[in-house]
Every structure is written in C-alpha cells, then in structure tokens.
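Colleague: Just a sequence and a predicted model for now, questions to come.
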Amino acid sequence: MRKKAGLPFYIFLSIFIFVTMFPFLWVFLTSIKPQGEIFGGYSWFTTDPTFQSYINAIETRPLFRYMWNSIAVSTLTTVIAISVASLSAYSITRLPIKFKGTILGIVLAAAMFPQIAIISPIFNLIQGLGLRNSYMGLVIPYITISLPLAIWILATFFKKIPFELEESAKLDGATPFQTFRKIIFPLAAPGVFTTAILVFIAAWNEYLFALTINSDDNWRTIPVGLSMYQSQYTIPWGDITAATVLVTIPIVVIVLIFQRRIVAGLTSGSVKE
Amino acid sequence: MGDKKKGFQLNEKQLGYLMVLPALILIFAITLWPVAQSFYNSMFDYRLNDPTRNQTTLSYQIDMERYADNYFFYERDIESLLSEVEGTEMEDRIAEIQTQIDEYHQQIVTSDNLAEQYAIVDEMVTNFEPVNDNDLRYGEISNNFSEEYTEILESATEDISEFQMATDDEELGEQLASAGNTIDQLDRALIRPNFIGLSNYGKYLTEGRTWDAMWNTIFFTVVSVFFELIIGLAVAIVINRAFIGRGAVRAAVLIPWAIPTAVSAMMWSYLYDGQFGIVAHYFHQLGLISDSSILLSTGSGAMFSVILADVWKTMPYMALLLLAGLQTISESLYEAAEVDGAGKFQQFLYITLPMLKSAILVALLFRTLDAFRVFDLIYVLTGGGPANSTESVSVYAYQVLFAQQNFGEGSVLSVIMFLSVAIISILFIKLIGSDLFEDKKGKS
C-alpha cells in the first residue's frame, strides 16, 4: 500500500508518538521540579528547574551499584548464551543431523516456560551452590530465558547465508568446524550482534529471578532496585522519577543506535520471506 | 594438515550433534529438570521456615545435630529428675522412660550406618561448631524403628506433662517441664516423611483465591492481547507507507518495549496515583472516573490500570511484528483487487488478513504466553491488590513460595501455571501448524 502520506496522516502520527512518549515526558518533567511543585498542582513545566531529585536518588539508594550489577549480569549472560546458541543454531540449520524438529520443539518449549514454574527448584539450586547474592547466581537462571531466544533468532540468520559457500569451502578441503569458524560465523556476525542486543535487553529487564535470588541491596539489579524506592510511609516521587530517567538513558541510547538491527531481530522469528 | 591429525576429524554429523549438545544439556538442567522438581515438591508438606519440614523426604530421617545437642541435655535432665522423684509413685514410670529411650538411643549410636556419623556430629556439637553439610547432618533411619521410637518419645512427653499437672511441688514441676521439653526436642529431631500425595492440589483446587487468580490472569491476558492486536494492526496498516520520520516512529515504538517492565510499572504507578498522578487527574477532569483515587483503589479500576499499562508497553511491539508481515504482501495483489473493483474493506478482509494470518498467529502465541505469566507489572504496580482483585497466578504463586516460604503448596501453583501454558501452546501450535519450525531447519 504505497499511499501518499498526507496531513491527516502526520497528525495521526504525532498523536501516536505523543501518546507512547507521554509517560517518559511527564516523568522527566517531574524529575526536574522542586519538591513543592511535585506534590502540589499539575502544571507541566516548572519555572525553577532543579537537580535536587537526582542528587536524592543517588544518595538514598546505591543506584550506580544497581546499574553496574545489571551491566555485569546482562553482559555475562549474553556472552554465554551467544557462544552456546551459535553452535547449536549452526548445527540445526546447516549440518545433516537428525531430530531437528524435535530439538527446535524443545527450544521453543523452553522459551515458553513460565519462570514461576521453575523458580523454587532454581532457588534451591542456587542456594545449594552458595551463589545467592552473586552475579553467577543470576546468570545461571538467565540461561533459561536467553538461550532459547538466542537459538531461535540465530537459526533464522544462519538460514539466510547461501549454502554454496560451504560447499565450495568443503571442496577446498576445509573441515566443518573450520567452515563454521572462518566462513559462516563472520558472515553471520551482524545477525549474531543483533541477537546479542536482544538477549542483553531480555537479561536487563528480568525481574522475578533477580527479586528472589539477589535479595541483598548490594546485588540488586536495576528493575528490582528501582521498585524498592518506595518507602513504607511516603512515596518519594521526585527520587523515583529522577532514578527512572537515569536508568532509562542507557536503554534509550542502545535503542537509538541499534534500532534497525533490533527491528530486524524482533521480526526475524515471525515473518517468513 | 598431516595424515595423523586427520584420523581425529569428526564427520559433519558427529560435529553437528556435538554442537547442539551443550545447549540441550543446559536447557535440560535449568529448565526441564526444575519443572520435574516442581511437580515432585508439590506432593510434599515442604516449608522452608519450619526446620522439621524444610526438605522433601519419603522416609524417616534423623537430624543429627539437633538430636546430639538435645540428647546431651536430656541425659542431664533425666538423671536429676530421677533422683528427685526417688520414692514417689512417679519413680517407676520415669525409670521406665529412661530405660526405653536409652535402649533406642544405643541402637542409633551403635548401628552400622549411623554410628560414625553420630560420633562426628556429637563431637562438633560439643565444640559448638555448626553442622552445615547436609549429608553429615541428616541420616536415614528405618521406618519401623522410627515409628516405635517416636511413639515412645511421644508417650513419655505426655506422661511427664501429666505428672507436672498433678504435682504441687514447684521445683519438681520445673524439673518435669524441663525433662519433658528435652524429650519433645528429641522427638522433633526425628523428621517424619512429609510426602502427602495430592492433598496440596486438593487444597488449592477447591480454594476460591486460586480460581480468582486464574480468572484475573485469563481476563488480563484476553483483554490486553485483544486490544494490543486490534490497535497494533490498525497502527501497522496506517504507517505502512512511505513517509518522513520513520526513525522517530521506530524509536517511539521500541523504547516502551525495551525498558524493563518493572520500571514502566513504577512510572505508571506514579501516573495513576490518586493524589499526584497526572493520568488519574485528567481522567477525573474528563469525567471518565468519578474520583481520581479510583484507578488504584478499586478492583475494576486497578484491573483497567494494569491492562492499560500493558497495552501501552506491548502494543507497539505488536505493531512492529505486523508491519513486518504487511511489508511482505505484494503490491500487485492490491492493484489487481482495485481493478476488479474491490473496496478498501474488502481488500483488508480478503487480502491483508489471510496474508497476515501466520504473522498474526505467531505474534499472538508469543504475546498470549507472555501475558499469561505476567508477574512484574502487577507485582510492582498494584501488588495484586486491592484485596487480591488483580492478583495473577504468578503473583499468587510468588506469595505462597517466598512470602509464606511454603515450597510444597506454592509448587502446586507453579505446576498449574506450567500446565496452563502447555495447553495454550499446544492449541496455538495446532493452529499455526508445524511450519513454525520448517523454515528454520535448513537443508537436512
């Protein structure tokens, strides 16, 4: 439908963008208001912008520690998931093995598992290994989320690489593993990178495991840490909005830089070409 | 490459199996095996916060640390009690208790499998060292022996407390209480099997709160996925054209999807706040709600709020998936339809929808399963309240598992979640057909 985009279209578009962005906009506007204005009236713009809420947000809670924890856990998860998943995705798409359908079925089933169904045995496992309140304590359960996701998306990307390349490599005497390492993997690098971004975001956003396993404040990740800003008696909306702005910035930057890749990755699993 | 090395080369097939192996092992170990364990745990009276039930056991076990520790006090108490009751009518019974307990205790400390373990633990207890190794701390004892022993301990506790009731002597009463207590502690060191079959299921399947949580989950899933699909499809169709500012739209779509659900739940809880929330304020001004506190303080208001926040976060994602599907539909189909005189609505009904069918079904599958296991949005935004009116099965299971520390009963809810998700997936995969895998298999 290659319709011309007229004025009504742009009005619709502006409304759409405004609605989806409004919560962020309002949270940002609140975060720079002085305390008195936050808790009195609904005026949009403050005449007296201040960073006081940001200072409070950092001082009352170890926000940067949360960020660092999230970065460490998500990075480790991504590295492990991608290295294991790229091997299996390659094997499933390009090597002559049996039971491909079954293997993909298991992978898809694992991706659909509700985390609540496995949380108590995983909790016991991590407790038994003495890994509560550590990075590995979260990286291990995150494999359940990230590995199937990574295999699923990588399989689509590997599938797109022409098969002739492998055949000529084989004729030139390369072993299957050499073919994988020297020919397929470099060609699939953009797809691998896209998958890595999606796995990273999935690990960054996880809540249930992080809430139960790393209960010590020093080991909390961003989503859990932020949800703990509410105190028992009052809700410090100024601190919360400022913290929200701070933790949203890294994600916004990643999205803005890699938006095309993310879209390619998200849609790769669902649309056939 | 030398000939010698070639002997070790794997052929393609072997290499293929070797390459999928790590992933399969990991998936088995941290996804499939834990589900099996949840099934198993759900059949036990298994509570983390109760030392006599904090593990699952099919047979009697003895908590050596507790037993050795209390046996030390028991010996002292019974000796002094015996000298106190000398010459009274209690003497015979107390002496009998001592002989009986001693007989069974000797059997434990001289038995083949426990003697050595008991000696080590006893030594550690005497030195005030904690016994952290569970293999050392817990020992297996035969069911017959334990049943007899616990019966003796129980009747001893009972008799001593009767003596205590009957006596007027304060000092004697205190000694009786102390001896009764240590004997009771010995009894508690013998851990009874906590296998209870399906009675946890009986409890939860007949309980109103479970079904309320299930209804909330289904209602939330159906309503929010429905609106996400309808609005997402509309948005996808409208923006499926060439226009200036695609990048801005893409970013506007991706940012809500990319931020953590818990963070967006915090943002919405501010926007909905009855006192300071802007959305609550505007809804009140527009006359949509009679009071700005309604959004989070009434059951239906809270459910509406949760659904709106979910639609806001995931509708753009849906639009994105459907847009990608729309872009694969060939332009010529629409041109041909136009020539044949088909209207816009007919084109949508007979071209767009059938061509989008598989993209819609796949998007629906993923979204439905995602919505069904909703946890963080509800946990952070409403906490399941007010009065459990937004509690999903996942939130309820979390409360039983971790707030009440009841792993046995909580596992029932875990299993219910697992089975529900399995049923939903099977239904969808029947609808979609096996071509979900076909395009990924590659050549075989």
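Modeller: That came through fine.

Colleague: Might one say that A:Trp26 is in contact with B:Leu271?
Modeller: Yes: in this structure A:Trp26 lies within contact range of B:Leu271 using Cβ atoms under 8 Å: 6.6 Å. C-beta coordinates here come from the backbone N, C-alpha and C atoms, glycine included.

Colleague: The two - which one has more neighbours?
Modeller: For the pair A:Trp26 and B:Leu271, the greater number of neighbours falls to B:Leu271 (23 against 19), based on other Cβ atoms under 10 Å in any protein chain shown.

Colleague: and that one, what does it touch?
Modeller: A:23, A:26, B:277-280 (Cβ atoms under 8 Å, 6 or more residues apart in numbering or on different chains).

Colleague: any idea which of those is the one closest to A:Phe45?
Modeller: For the contacts of B:Leu271, the minimum distance to A:Phe45 (Cβ to Cβ) is 11.2 Å, reached by A:Trp26.

Colleague: and the host helix or strand of that closest one, how far out from the chain's middle?
Modeller: Assigned by DSSP states H and E, A:Trp26 falls within helix A:7-31. Offset of helix A:7-31 from its chain centre (Cα atoms, centre = their mean, to the nearest Å): 24 Å.

Colleague: Tell me which residue is most central in chain A.
Modeller: Per Cα atoms, centre = their mean, the C-alpha nearest to the average position across chain A is that of A:Ile201, at 0.9 Å.

Colleague: what's the spacing between the helix or strand containing that residue and its chain's center?
Modeller: For A:Ile201, the host element (DSSP H and E) is helix A:189-205. In terms of Cα atoms, centre = their mean, the centre of helix A:189-205 is found 7 Å from the chain centre.

Colleague: Could you tell me which residues touch both of A:Trp26 and B:Leu271?
Modeller: Common neighbours of A:Trp26 and B:Leu271 (Cβ under 8 Å, 6+ apart) are B:Ile278.

Colleague: per-residue confidence averaged over the helix holding A:Trp26?
Modeller: For helix A:7-31, the mean pLDDT works out to 88.

Colleague: what helices or strands is it leaning on?
Modeller: Applying 3 or more Cβ pairs under 8 Å, 6 or more residues apart in numbering or on different chains; DSSP states H and E, we find helix A:7-31 packed against helix A:237-268, helix B:208-239, helix B:246-258, helix B:261-272, helix B:299-326.

Colleague: Name the residues that touch that helix?
Modeller: By Cβ under 8 Å, 6+ apart, helix A:7-31 touches A:38, A:44-46, A:53-54, A:237-238, A:241-242, A:244-245, A:248, B:235, B:238-239, B:241, B:243, B:245, B:248-249, B:252-253, B:255-256, B:264, B:267-268, B:270-271, B:278, B:312, B:316.

Colleague: Would you mind identifying the next helix or strand past it?
Modeller: Beyond helix A:7-31 on the C-terminal side, the first helix or strand identified by DSSP H and E is helix A:35-38.

Colleague: which parts of that next one are buried?
Modeller: By 16 or more other Cβ atoms under 10 Å in any protein chain shown, the buried positions in helix A:35-38 come out as A:37-38.

Colleague: Over to stretch B:70-81?
Modeller: Applying 16+ other Cβ under 10 Å to stretch B:70-81 flags B:70-71, B:74, B:77-78, B:81 as buried.

Colleague: Break chain B into its domains for me.
Modeller: Domains of chain B are assigned by automatic domain parsing as B:61-191, B:202-441.

Colleague: can you tell which of the ones you listed is closest to B:Ala36?
Modeller: Short answer: domain B:202-441, nearest of these by Cβ to Cβ, at 10.3 Å.

Colleague: State the number of residues packed around residue 169.
Modeller: You didn't say which chain, so I picked chain A. Neighbour tally, A:Ala169, other Cβ under 10 Å: 18.

Colleague: Can you look at chain B instead?
Modeller: Residue neighbour count, defined by other Cβ under 10 Å, stands at 11 for B:Asp169.

Colleague: so what's it up against?
Modeller: By Cβ under 8 Å, 6+ apart, the contact list for B:Asp169 is empty.

Colleague: picking that back up, roughly how far apart are the residue lying closest to the residue nearest to the centre of chain A once chain neighbours are set aside and A:Asn214?
Modeller: Spatial nearest neighbour of A:Ile201, excluding adjacent residues (Cβ to Cβ, 6 or more residues apart in numbering or on different chains): B:Ala258 at 5.6 Å. Noted for B:Ala258: a distance of 22 Å to A:Asn214, by Cβ to Cβ, to the nearest Å.

Colleague: Which residue ranges of the stretch 101-250 of chain A form strands?
Modeller: Counting by DSSP state E, counting those that start in this stretch, the stretch 101-250 of chain A has no strands to list.

Colleague: An error on my part: the question was meant for chain B.
Modeller: Taking DSSP state E to define them, one finds strands in chain B at B:61-63, B:138-140, B:190-191.

Colleague: Would you mind reformatting those (as JSON lines) and adding columns for distance to B:Leu323, mean neighbour count and mean pLDDT while you're at it?
Modeller: Shown next, in JSON lines, are the strands of chain B (distance: least, Cβ to Cβ, whole Å; neighbours: other Cβ atoms under 10 Å in any protein chain shown; pLDDT from 0 to 100):
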{"stretch": "strand B:61-63", "distance to B:Leu323": "60", "mean neighbour count": "22", "mean pLDDT": "85"}
{"stretch": "strand B:138-140", "distance to B:Leu323": "59", "mean neighbour count": "17", "mean pLDDT": "83"}
{"stretch": "strand B:190-191", "distance to B:Leu323": "59", "mean neighbour count": "22", "mean pLDDT": "84"}
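
Colleague: Of these, which is nearest B:Glu129?
Modeller: Here strand B:61-63 is closest among the strands of chain B (Cβ to Cβ), at 15.6 Å.

Colleague: Give me the below-cutoff pLDDT ranges for chain A.
Modeller: A:1-5, A:231-233, A:269-273 (pLDDT under 70).

Colleague: Ok, the stretch 1-150 of chain B next?
Modeller: Ranges of the stretch 1-150 of chain B meeting pLDDT under 70: B:1-10.

Colleague: Contact residues of it facing chain A?
Modeller: B:9-13, B:15-17, B:19-20, B:22-24, B:26-27, B:30-35, B:37-38, B:41 (Cβ under 8 Å from any Cβ of the partner chain).

Colleague: For PyMOL, what selects the buried ones among those residues?
Modeller: In PyMOL, a selection of the buried entries from the residues of the stretch 1-150 of chain B next to chain A looks like this (16+ other Cβ under 10 Å):
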select buried, chain B and resi 12+15+16+19+20+22+23+24+26+27+30+31+32+34+35+37+38+41
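
Colleague: Residues contacting stretch B:184-194, please?
Modeller: Residues from elsewhere that reach stretch B:184-194 (Cβ under 8 Å, 6+ apart): B:44-46, B:52-53, B:55-64, B:66-67, B:70-71, B:73-74, B:101, B:138, B:141, B:143, B:146, B:149-150, B:153-154, B:157, B:408.

Colleague: run the last query once more with 6 Å
Modeller: B:44-45, B:52-53, B:57-59, B:61-63, B:66-67, B:70, B:74, B:146, B:150, B:153, B:157 (Cβ atoms under 6 Å, 6 or more residues apart in numbering or on different chains).

Colleague: how far is stretch B:170-177 from where the chain is centred?
Modeller: The mean C-alpha position of stretch B:170-177 is separated from the chain mean by 47 Å, Cα atoms, centre = their mean.

Colleague: State the mean pLDDT of that stretch.
Modeller: Stretch B:170-177 carries an average pLDDT of 84.

Colleague: Can I get it in PDB, CA atoms only?
Modeller: The C-alpha trace of stretch B:170-177 is given here as PDB (Å, rounded to 0.1, in the frame of the first residue of the first chain):
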ATOM      1  CA  GLU B 170       7.200 -26.100  92.300                       C
ATOM      2  CA  GLU B 171      10.700 -27.300  92.000                       C
ATOM      3  CA  LEU B 172       9.700 -30.800  90.900                       C
ATOM      4  CA  GLY B 173       7.300 -29.200  88.400                       C
ATOM      5  CA  GLU B 174      10.100 -27.200  86.800                       C
ATOM      6  CA  GLN B 175      12.300 -30.300  86.500                       C
ATOM      7  CA  LEU B 176       9.400 -32.300  85.000                       C
ATOM      8  CA  ALA B 177       8.800 -29.400  82.500                       C
END
